[in-house]
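Visitor: Sequence and computational prediction follow.
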Amino acid sequence: MKKIMIFGCVLTIFASCTRERLVVSPSGRIIQNEIPLSNIHELELSNSFVAYVSFSPNEEKLVIETDDNLMSLVDVKVRNGQVDISMKNNIRLLGRATKVAYLTVHDLSRIDLSGASTVYFEDTLFTPELEAHLSGSSRITGTMNVTYLDADLSGSSEVNFEGHADTYRVHGSGSSRLEGLDLDVNHVDINLSGSSSMHLTVNQTLKAHLSGSSVVYYMGNGVITHQELSGSSRIIKL
């Protein structure tokens, strides 16, 4: 009798979990919803969202674009200068969904991407400091002018930066890619592992700790002041 009761409880829990998981087929009818913002400096994006970010001195807003039967399932949280955009938990999408965010802010100091999400800068970002954290095949493409740039990539994530950074700190693992021959950097400190790769232009100093089959390609007059290479990792001057 005790075994029957336990088995019955397990079935009840399983059935409850199944009911809570919502399966949705995107309708293909695209709608938009505008959300006013104020004093936003950080962006967190997940669940394969694509965000187009514009920088404006006098306007801040967020426009979500998605299928009409998905809009109520988009989860937007605004708190402490940060906007988080994702899908609500326990959602399974059948078919191709539109999940786009159009974000307008003064600037950004932190971007956190996961779950194959993507960010495109529509304008040049001017900011003293930018931290970018990417995981799970996420991507950032954009032009910037920053004093300090910190990029942390894992999985097969990718950044493609242009512009200028005075100091650039990089950590890449897995098969991360950091493209940026059009990003000129005065000082860079690089830590790559796995099969990660990086392209950039260095004006003054380059420090590198590379392992696995990681490769750094660089242009410019920069001088290598420290290097630790293991495996088949390399530093190549173009």
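Guide: Perfect, thanks for sending it. Worth saying up front: this structure is predicted, and the values here are computed from it rather than measured.

Visitor: pLDDT below threshold where in this structure?
Guide: Within the chain, the segments meeting pLDDT under 70 span 1-20.

Visitor: all helices for it, in order.
Guide: Remark: helices assigned in the chain by DSSP state H are 2-20.

Visitor: For residue 100, give its distance to residue 34.
Guide: According to CB to CB, to the nearest Å, residue 100 and residue 34 sit 13 Å apart. Where C-beta positions appear, they are placed from N, C-alpha and C, glycine not excepted.

Visitor: Same drill for the two, tell me which one is more crowded.
Guide: Between residue 100 and residue 34, residue 100 has the larger neighbour count (other CB atoms under 10 Å), namely 15 against 10.

Visitor: For residue 48, give its distance to residue 182.
Guide: Residue 48 sits 27 Å away from residue 182, going by CB to CB.

Visitor: Of those two, give the one with the bigger neighbour count.
Guide: When residue 48 is set against residue 182 and neighbours are counted by other CB under 10 Å, the residue ahead is residue 48, at 18 against 15.

Visitor: Who are the contact partners of the closest residue to the more buried one other than its chain neighbours?
Guide: Counting by CB to CB, 6 or more residues apart in numbering, the nearest residue to residue 48 once its immediate chain neighbours are dropped is residue 116, at 4.7 Å. Neighbouring residues of residue 116 by CB atoms under 8 Å, 6 or more residues apart in numbering: 48, 136-138.

Visitor: most neighbours, which of those?
Guide: For those, counting by other CB under 10 Å, the largest number of neighbours falls to residue 138: 28 neighbours.

Visitor: Who does the closest residue to that one other than its chain neighbours form a beta bridge with?
Guide: Nearest non-adjacent residue to residue 138, counting by CB to CB, 6+ apart: residue 113, 3.7 Å away. Counting by DSSP bridges, residue 113 is bridged to residue 45, residue 134.

Visitor: one step back: so which of the contacts of residue 116 would you say is closest to residue 232?
Guide: Lowest distance from residue 232 to the contacts of residue 116 (CB to CB) belongs to residue 137, with 23.8 Å.

Visitor: what's that closest one sitting at in phi/psi?
Guide: Backbone torsions for residue 137, taken as degrees, to the nearest 10, come to phi 60, psi 30.

Visitor: contacting residues around it?
Guide: Residues in contact with residue 137 (CB under 8 Å, 6+ apart) are 116, 155-157.

Visitor: Strands - which of those land there?
Guide: Among the contacts of residue 137, no residue falls in strands (DSSP state E).

Visitor: From those, list the buried ones, please.
Guide: Buried by 16 or more other CB atoms under 10 Å: 116, 155-157, out of those.

Visitor: Could you export these to TSV, including columns for distance to residue 70?
Guide: Listed next are the buried ones among the contacts of residue 137 as TSV, based on distance: CB to CB, whole Å:
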residue	distance to residue 70
116	17
155	25
156	26
157	25
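
Visitor: what's the spacing between the spatially closest residue to residue 92 that is not a sequence neighbour and residue 90?
Guide: Closest residue in space to residue 92, ignoring its immediate chain neighbours: residue 23 at 4.8 Å, by CB to CB, 6+ apart. Distance, residue 23 to residue 90, by CB to CB: 10 Å.
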